[in-house]
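Student: Return a 3D structure for these sequence lines:
(chains A and B)
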Amino acid sequence: DGGITQSPKYLFRKEGQNVTLSCEQNLNHDAMYWYRQDPGQGLRLIYYSQIVNDFQKGDIAEGYSVSREKKESFPLTVTSAQKNPTAFYLCASSMPSLSYEQYFGPGTRLTVT
Amino acid sequence: SQQGEEDPQALSIQEGENATMNCSYKTSINNLQWYRQNSGRGLVHLILIRSNEREKHSGRLRVTLDTSKKSSSLLITASRAADTASYFCATAEGGSQGNLIFGKGTKLSVKP
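Tutor: Here you go, the predicted model:
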């Protein structure tokens, strides 16, 4: 069953706590992406990685961190420095050498109170 | 940075009618894609049109691209209640290494 998995689907945290969102893909894609989506809005790029052990900041990287130690995994940590972390987080992957099409996971809805 | 802007923001039609959504963008692109998102879910890729193409079809979907006007349209023919979703355009700039810039989406409601 190929695809991208994100866990958990819903996540609740207290303000001031760091939280890590999981993203795993078995599509053998080189590139992976993290997006944030707020109600009624489009997707905004947080971080992306074109290759293992390398990643780049997107448009809204402040308060977030990532790692890419394995090709299939790209976890996102939402730190306490992120001013407004409550949002829907989407992970995606692609194989830019073949196609610009991105494959998305089901998303994680994070609520911080 | 927001590249694509969809229009209208929301669209409500009856089953069987056609739905047209438009997307405008700002810079030169390598390709433009349309994605669909059901409520609370991830996005699903629908169709990709390259900058040197003017029209593309896939089933009940028809996409046009006018690079001189920096705009694209998505037509869904003979809509069904199951087409109810948000639709996003996304652009890939030349040299972007695969990164996409998404618009804010059109929320389509198809009433049975």
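
Student: hey, where'd the strands end up in the chain?
Tutor: Using chain A here. A:4-7, A:10-13, A:19-25, A:31-37, A:43-51, A:54-57, A:64-66, A:76-78, A:87-94, A:103-104, A:108-112 (DSSP state E).

Student: that's the other chain; I wanted chain B
Tutor: B:5-7, B:10-14, B:19-24, B:29-37, B:43-50, B:55-58, B:61-66, B:71-76, B:85-93, B:101-102, B:106-111.

Student: May I see those strands organised as JSON lines, with mean neighbour count, mean pLDDT and distance to chain A added?
Tutor: Placement of C-beta: from N, CA and C, glycine included. Listed next are the strands of chain B as JSON lines, based on neighbours: other C-beta atoms under 10 Å in any protein chain shown; pLDDT from 0 to 100; distance: least, C-beta to the nearest C-beta, whole Å:
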{"stretch": "strand B:5-7", "mean neighbour count": "19", "mean pLDDT": "84", "distance to chain A": "8"}
{"stretch": "strand B:10-14", "mean neighbour count": "14", "mean pLDDT": "97", "distance to chain A": "10"}
{"stretch": "strand B:19-24", "mean neighbour count": "20", "mean pLDDT": "96", "distance to chain A": "11"}
{"stretch": "strand B:29-37", "mean neighbour count": "23", "mean pLDDT": "95", "distance to chain A": "6"}
{"stretch": "strand B:43-50", "mean neighbour count": "18", "mean pLDDT": "96", "distance to chain A": "4"}
{"stretch": "strand B:55-58", "mean neighbour count": "12", "mean pLDDT": "97", "distance to chain A": "13"}
{"stretch": "strand B:61-66", "mean neighbour count": "18", "mean pLDDT": "98", "distance to chain A": "14"}
{"stretch": "strand B:71-76", "mean neighbour count": "20", "mean pLDDT": "97", "distance to chain A": "15"}
{"stretch": "strand B:85-93", "mean neighbour count": "24", "mean pLDDT": "93", "distance to chain A": "5"}
{"stretch": "strand B:101-102", "mean neighbour count": "24", "mean pLDDT": "92", "distance to chain A": "4"}
{"stretch": "strand B:106-111", "mean neighbour count": "18", "mean pLDDT": "97", "distance to chain A": "8"}
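
Student: Quick check: which of those strands is nearest to A:Ile51?
Tutor: Closest approach to A:Ile51 among these (C-beta to C-beta): strand B:85-93, 18.2 Å.

Student: Model confidence at A:Tyr100, what's the number?
Tutor: The model reports A:Tyr100 with a pLDDT of 88.

Student: what residues are up against it?
Tutor: By C-beta atoms under 8 Å, 6 or more residues apart in numbering or on different chains, A:Tyr100 lies in contact with A:Ser94, B:Asn30, B:Asn31, B:Gln33, B:Leu48, B:Ala92, B:Gly98, B:Leu100.

Student: show me the contacts for the closest residue to chain A within chain B.
Tutor: At 3.1 Å from chain A, B:Gly98 is the closest residue in chain B, using C-beta to the nearest C-beta. By C-beta under 8 Å, 6+ apart, B:Gly98 lies in contact with A:Ala31, A:Gln50, A:Ser94, A:Pro96, A:Tyr100, A:Gln102, B:Ala92.

Student: quick one, what contacts the last one?
Tutor: Residues in contact with B:Ala92 (C-beta under 8 Å, 6+ apart) are A:Tyr100, B:Ile29, B:Asn30, B:Asn31, B:Leu32, B:Gln33, B:Gly98, B:Asn99, B:Leu100, B:Ile101.
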